[in-house]
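Undergrad: The sequence and its predicted three-dimensional model are supplied below.
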Amino acid sequence: MRGAGSRLDVNSDLRVGMRGQGFVAISEAASVEVGSLIIGQFLGGVGEVRVAGVGSRLDVNSDLIVGGLGEGSLAI
């Protein structure tokens, strides 16, 4: 997601790289709000989340798990 005014609301879990590969980028004043964020949940899962740029937001209302049984990366 990118750009001012861009917004994603997920009322439940956002899972990135659950069993395979996943990537999420939030930039240029975009905003993402999730219930829980799980990055690299299961064995073999590889997930990456990047938040960059002035005004970009990632709001996690509950659990934040980076690299459960897999590989996870969170860059802010």
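TA: Noted; the coordinates are in hand.

Undergrad: gap between residue 48 and residue 14?
TA: 13 Å (CB to CB, to the nearest Å). (Glycine included, C-beta is placed from N, CA and C.)

Undergrad: Helices of the protein, residue ranges please.
TA: Taking DSSP state H as the criterion, the chain carries no helices.

Undergrad: contact partners of stretch 24-38?
TA: 1-16, 18, 48-65, 68 (CB atoms under 8 Å, 6 or more residues apart in numbering).

Undergrad: Using neighbour counts, trim those residues to the buried set.
TA: The neighbour count (16 or more other CB atoms under 10 Å) marks 14, 15, 16, 18, 48, 49, 50, 51, 56, 58, 68 as buried among those.

Undergrad: Please flag which of the residues you listed sit within strands.
TA: Counted as lying in strands by DSSP state E, out of these, are 14, 15, 16, 48, 49, 50, 51, 58.

Undergrad: pLDDT and distance to residue 24 added to those residues, as TSV?
TA: Listed next are those as TSV, based on pLDDT from 0 to 100; distance: CB to CB, whole Å:
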residue	pLDDT	distance to residue 24
14	97	8
15	97	10
16	97	5
48	98	8
49	98	5
50	98	7
51	98	9
58	98	9
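
Undergrad: from those residues, which single one is nearest residue 42?
TA: residue 15 (9.4 Å; CB to CB).

Undergrad: How about the contacts made by that closest one?
TA: Contacts of residue 15 (CB under 8 Å, 6+ apart): 22, 38, 39, 41, 47.

Undergrad: give me that answer again for 6 Å
TA: By CB atoms under 6 Å, 6 or more residues apart in numbering, the contact list for residue 15 reads 38, 41.
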